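[1] Kindly generate the corresponding structure for this input.
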Amino acid sequence: MASRTQLVCLCEGEKGGSIDEVFINKLIKTLSPHWLRPWRGSNTLRLRPYGGRKSLIEGMPGELRNCLDAGGQTTLMVWADCDDNCADGDALKAHFWREAERQGIAREQFDGIVFVFAKDRLENWIEFLQTGHTDESKEGPRVAHNRAVAEAASKLGSLCKAGKPIVGMPSSLQWSCKNWHSLTDGFK
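    Numbers count the residues shown, from 1 in each chain. The predicted structure is shown next:
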């Protein structure tokens, strides 16, 4: 598999009105994947908030085409929330696949996307990273300060890089980590 040089991250929320951008940016910087272009400038990681999940699902195939048109050197990541109407990451991924297929995306192209899905909100992951526990059956407490978001993302990145099992990890975070590793382990 070819080395990648850039990440395009689609997420829910409005630009500047969501913690997602801070969390994603800090997590990727902390992980610093070996296949990602050295962290210089703003063109290594591009964040694109899409508002709600519906518009994110509808816009993802066009964003994937843009990545593919860039010469195959760009990895598309999609960050979203399962919420109460999707049982888990696999169910939400199926929604994305139906739309991608409807818009003419091949399965092989779709399988190159890294999906990262929180059950309800990233706040549950932050609560877990701060306290060691969370209940994904209810919405985690709102986080008002970017510093707390960045610290939690940095901690997650450090835990991932250490490669040690994380006791009590929320199921949506386990699913997302497994999805990330299944794609990125092949990059050399």
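[2] switch to C-alpha atoms for all contacts and neighbour counts from now on
    Will do.
[3] Listing request: residues of the protein with sub-threshold pLDDT.
    Residues of the chain that meet the criterion pLDDT under 70 lie in 1-5, 34-43, 72, 182-188.
[4] could you pull out the strands for it?
    6-11, 45-49, 74-81, 114-118 (DSSP state E).
[5] Check which strands are paired with the first one and give the direction for each one.
    Its sheet considered, strand 6-11 pairs with strand 45-49 (parallel), strand 74-81 (parallel) by DSSP bridges.
[6] For these, state which one has the densest average packing.
    Across these, the average number of neighbours (mean count of other C-alpha atoms under 10 Å) peaks for strand 74-81, which reaches a mean of 23.
[7] From the chain's centroid, how far away is stretch 82-94?
    The gap between the average C-alpha position of stretch 82-94 and the chain average comes to 14 Å, counting by C-alpha atoms, centre = their mean, to the nearest Å.
[8] What are the buried residues along that stretch?
    Taking 16 or more other C-alpha atoms under 10 Å as the neighbour-count basis, stretch 82-94 is seen to contain the buried residues 82-83, 86, 88-89, 92-93.
[9] re earlier: now render the strands paired with strand 6-11 as CSV, adding distance to Glu139.
    What follows is the strands paired with strand 6-11, written out as CSV (distance: least, C-alpha to C-alpha, whole Å):
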stretch, distance to Glu139
strand 45-49, 21
strand 74-81, 11
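[10] Please name whichever of those is nearest to Ala152.
    Closest of the strands paired with strand 6-11 to Ala152 is strand 74-81, at 16.5 Å (criterion: C-alpha to C-alpha).
[11] can you list contacts of the closest one?
    4-12, 53, 60, 63-64, 67-68, 112-122 (C-alpha atoms under 8 Å, 6 or more residues apart in numbering).
[12] Only the buried subset of the residues you listed, as a PyMOL command please.
    What follows is the PyMOL syntax selecting those of those that are buried according to 16+ other C-alpha under 10 Å:
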select buried, resi 4+5+6+7+8+9+10+11+12+53+60+63+64+67+113+114+115+116+117+118+119+120+121+122
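[13] Which pair of the buried residues of stretch 82-94 spans the longest distance?
    Asp83 and Lys93 (12.9 Å).
[14] From Arg46, how far out is the nearest residue in space to Leu68 that is not next to it in sequence?
    Using C-alpha to C-alpha, 6 or more residues apart in numbering and skipping residues adjacent in sequence, the residue nearest Leu68 is Thr74, 7.3 Å away. Noted for Thr74: a distance of 10 Å to Arg46, by C-alpha to C-alpha, to the nearest Å.
[15] Residues that sit against both of those two, list them.
    Taking C-alpha under 8 Å, 6+ apart as the contact rule, Thr74 and Arg46 both touch 7-8.
[16] tally of neighbours for Gly104?
    Other residues lying near Gly104 total 9 when counted by other C-alpha atoms under 10 Å.
[17] Report how many residues lie close to Ile57.
    22.
[18] isn't it right up against Glu99?
    Yes - using C-alpha atoms under 8 Å, Ile57 is in contact with Glu99, at 6.8 Å.
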